[in-house]
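Student: 3D model of this:
(chains A and B, ligands or ions: 2)
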Amino acid sequence: MHLETDVLVVGAGGAGMYAALAAAAEGARVLLLDKNMVGRGGATVMAQMTVAAALGEQEPDRWEDHLADTVRAGRELCDEGLAEVVCRGAPERIREMDAWGVGWAREGGHIRQVVAPGHGRARCCYVDFLDTGPAVAGTLRKRVSRASGVRLLSNLQVVDLVVADGAVRGALALSVGDGALVEIAAPSVVIATGGLTKLYARTSASNNMSGEGYALALRAGAELVDMEFVQFFPIGHLAPRLVGMDPIMWDPFRYKLGGRLLNGAREEFIDRYGGEDRGRYTATRDLATYAICQEVERGRGSPSGGAWLSFEHVPEADLRAAFGPVVDRLLANGIDLTRQAVEVAPIAHYHMGGIRVDRRMRSAVEGLLAAGEAVGGASGANRLSGNAVSEALVFGEIAGREAARHALGASRGWDGAVARRAREALAPPTTSADGASAVALLRELRDLLWRDVGPFRTAEGLARALARIREMRVRDLHDVSVPDDRAFALELAEWHELRAALEVAEAVTVAALARRESRGAHQRYDFPEPLPEFRFNQAVRMCAGAIAADRASEVGA
Amino acid sequence: MTRVVATLRIARGRSGEPRRYDVFEVPFVHGQSVLDGLIWIREHRDPSLAFRYACINANVCKECVMRIDGANAYACTERLKVGETTVEPLEGKALIRDLVCNTITPRERLDARRPSECP
Ligand SMILES: Cc1cc2nc3c(=O)[nH]c(=O)nc-3n(C[C@H](O)[C@H](O)[C@H](O)COP(=O)(O)OP(=O)(O)OC[C@H]3O[C@@H](n4cnc5c(N)ncnc54)[C@H](O)[C@@H]3O)c2cc1C
Ligand code: FES
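Tutor: Ligands and ions are numbered 1, 2, ... in the order given. Purely as a prediction, here's the structure:
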């Protein structure tokens, strides 16, 4: 099957839907597709906390102050041009979403904004109760399904881009429902596929966050940047099993009520690592992550391999006053906070790295743009909370607009011969090998990355991971047997996912190995301090199938 | 130590084929969802088992709806139990395979009748 459009948007989270709306507003024909369901698949719909924008509704604020906080958090590695685009552009997007009826929480006639960690002002807006992401995604989904000029397709997974003479010409996609390979001709392609945190065994990710968009860009000849910086959230929910809630929800609980972090022997332990806790939660994120990982390594973790978080000392009335509806949802999960502690541990939560773009969201490949978490650079070595949804909306709008302008002026069209070669190069997996399944290899990869490329890294662990990832990439991937089953081609989709995941895992690992220091989210036991000589960004490229990291050239936007 | 298991009896097959049931035992962990059990089966026993899901923890994608012990339910919020649980595809929706029905809204489906048309 062959489809044609002006702008192809890959991935329909906040960034992709905004891009589609903006491109259509410029008069372009848009195809917006998602491997899961449009507007329901990725991180956007799961975000339960806040969105940062210098609206100045709660107290005076300026985008310059938001930028200063963002750059400070990025530990000297932010692409300040991109960070400026986010902070300057966020208020306009938040107000536009307000006009579209997203329903930001209000008080006294203005949008209510709260302080979140790292922000020097009350800057973060939200939708009650814990409904920020669903409201943002729902509002955009409604608009995009009514927009004229936009066609939506669910269950279409882009597996390769088609590139000729340095310009993107379109893409190849797997129609998961019937196993067909679909050609999509498009002079502009926006990658809005979100992040990669599914690659870690402990994660807040949904099933579609294997970083496939990073691999698409890498294969097409674009650069990735800051790939070593995966954000780990220190007190992610670990046990007992909790569904229907954001696994990072304990943060506001601790801030408001002070929860006690305890080791397996129910002792406070943060102070052993130079922090002071005493139920007030003043320890920084890096320190909390370090302390929990150390306790677990020394055999003093909680039963599931984390730490206890206890609110047993907090009176029930206080719990209810602060988080009434949430306390009920917890009770429905069989968790009574007045009687039991929960187990928490660091979990992979967001990816700072991604596709390298200029301020207009253009990659080095003509016609190839990116938006949202797929973009690297704006957060440097560490992201401020609330900035990710802003980034998705702001980058999405710019990418859509730029993609439309490029497409409407493009002279180079679809190249049938190149597409045919791309199809042939996509050597289909065999139907008769006896290797492990793609889903089993993904499981192994996620455990491997968690152990050796996780919150704390060493040269030895990284080298071990790299060797196994390369072995999987050159050998095991090709020994996966995929049945020739057309009815819901899940295993074929997973084979493509695994192919991309291995490339992305290698990109993260080579960059982490080369950064022989600790900075922000990249922490090494063998090089525990930040070093001035590493105050530069690393770019990852693919050359004849080989993936390598080196110092990035200065950004010129 | 005895291993506590949950037993999942799962409807299999493509549309047009006679339905069969496969029975799997999965480790029982208190609080885990039926979806956790289904994912475990794919990773450790049978990767060909087909079902839909995306968000896993959040109950926001609504893809994992299926029949569990005879009633429509989300696999991610329904708990695993010791003993047998029967899992089947939705009724009244066109079956594709195993637990997967054609639940994509018609206008978001790739339809051979309007192949290359983009508005
Ligand atoms: C649980 C959770 C809570 C969070 N809470 C907050 C918060 O409170 N505040 C905040 O600022 N940030 C938060 N974040 C981060 C933030 O939600 C994300 O960074 C942001 O929503 C990313 O938006 P996006 O549009 O770039 O990607 P996503 O919303 O992840 O969308 C990407 C889409 O691309 C699709 N896709 C992937 N690969 C392909 C392919 N090959 N072909 C076709 N489609 C593909 C996916 O199915 C998905 O639908 C949270 C993240 C998580 C996981
Ligand atoms: S997996 Fe998303 S609602 Fe069940």
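
Student: only C-alpha atoms for contact and neighbour calcs from this point on.
Tutor: Noted.

Student: Distance check, the residue in the stretch 351-500 of chain A positioned nearest to ligand 2 against residue B:48.
Tutor: For the stretch 351-500 of chain A and ligand 2, the shortest gap (CA to the nearest ligand atom) falls at residue A:490, measuring 15.6 Å. Counting by CA to CA, to the nearest Å, the gap between residue A:490 and residue B:48 amounts to 8 Å.

Student: How about residue B:85?
Tutor: Counting by CA to CA - residue B:85 and residue B:48 are separated by 20 Å.

Student: Got the domain ranges for chain A?
Tutor: Each domain of chain A is listed here as a residue range: A:235-346, A:423-554, per automatic domain parsing.

Student: Would you single out the least confident of these?
Tutor: For those, the stretch scoring lowest in mean pLDDT is domain A:235-346; its value is a mean of 86.

Student: who are the neighbours in contact with the residue of the stretch 351-500 of chain A closest to ligand 2?
Tutor: Residues touching residue A:490, when contacts are defined by CA atoms under 8 Å, 6 or more residues apart in numbering or on different chains, comprise A:176, B:48, B:50.

Student: which residues does the first one contact?
Tutor: When the contact criterion is CA under 8 Å, 6+ apart, the partners of residue A:176 are A:35, A:155, A:156, A:157, A:488, A:489, A:490, A:493.

Student: Model confidence score at it, please.
Tutor: If you check residue A:176, the pLDDT there is 95.

Student: quick one, what contacts residue B:22?
Tutor: By CA under 8 Å, 6+ apart, residue B:22 lies in contact with B:9, B:10, B:11, B:12.

Student: circling back: which one among the contacts of residue A:490 gets closest to residue A:344?
Tutor: residue B:50 (31.5 Å; CA to CA).

Student: what about the closest one, neighbour count?
Tutor: 21 (other CA atoms under 10 Å in any protein chain shown).

Student: I'd like the distance between the nearest residue to it once chain neighbours are set aside and residue A:360.
Tutor: Distances taken as CA to CA, 6 or more residues apart in numbering or on different chains place residue B:98 nearest to residue B:50, at 5.6 Å, with adjacent residues excluded. Relative to residue A:360, residue B:98 is positioned 45 Å away (criterion: CA to CA).

Student: Which helix or which strand is home to the residue of the stretch 451-557 of chain A found nearest ligand 1?
Tutor: Among the residues of the stretch 451-557 of chain A, residue A:497 lies nearest to ligand 1; the distance is 7.5 Å by CA to the nearest ligand atom. Using DSSP states H and E, the secondary-structure element containing residue A:497 is helix A:490-514.

Student: Ok, residue A:536 next?
Tutor: In this structure, residue A:536 is located outside every helix and strand according to DSSP H and E.

Student: Show me the shaky parts of chain B.
Tutor: Per-residue confidence for chain B (pLDDT under 70) gives these ranges: B:1-2, B:112-119.

Student: Now do the contacts for the most centrally placed residue in it.
Tutor: What sits nearest the mean C-alpha location of chain B, by CA atoms, centre = their mean, is residue B:51, with 3.8 Å. Neighbouring residues of residue B:51 by CA under 8 Å, 6+ apart: B:64, B:98, B:99, B:100.

Student: Not counting sequence-adjacent ones, nearest residue to the third one?
Tutor: With CA to CA, 6+ apart as the measure, residue B:89 is the residue that lies nearest to residue B:99, at 4.3 Å, once sequence neighbours are left out.

Student: My guess is the one you found contacts residue B:64. True?
Tutor: No. With contacts counted by CA atoms under 8 Å, residue B:89 stays clear of residue B:64, the gap being 10.1 Å.

Student: Rebuild the domains of chain A as a markdown table, extending it with distance to residue A:6.
Tutor: Written out in a markdown table, the entries for these read as follows (distance: least, CA to CA, whole Å):
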| stretch | distance to residue A:6 |
| --- | --- |
| domain A:235-346 | 37 |
| domain A:423-554 | 21 |
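
Student: Could you list the contact residues of chain B toward chain A?
Tutor: On the criterion CA under 8 Å from any CA of the partner chain, chain A has as its neighbours in chain B the residues B:14, B:30-32, B:42-44, B:47-48, B:50, B:53-61, B:76-77, B:96-97, B:100, B:104, B:107-110, B:115-119.

Student: mind running it again at 6 Å?
Tutor: Of all the residues in chain B, those in contact range of chain A (CA under 6 Å from any CA of the partner chain) are B:31-32, B:43, B:54-59, B:61, B:96, B:108-109, B:116, B:119.

Student: so which of these also contact ligand 2?
Tutor: The subset of the residues of chain B next to chain A lying close to ligand 2, counting by CA under 6 Å from any ligand atom, consists of B:54, B:55, B:56, B:59, B:61.

Student: Which of the three states applies to the second one?
Tutor: For residue B:55, the assignment made with DSSP: H, G, I helix; E, B strand; the rest coil gives coil.
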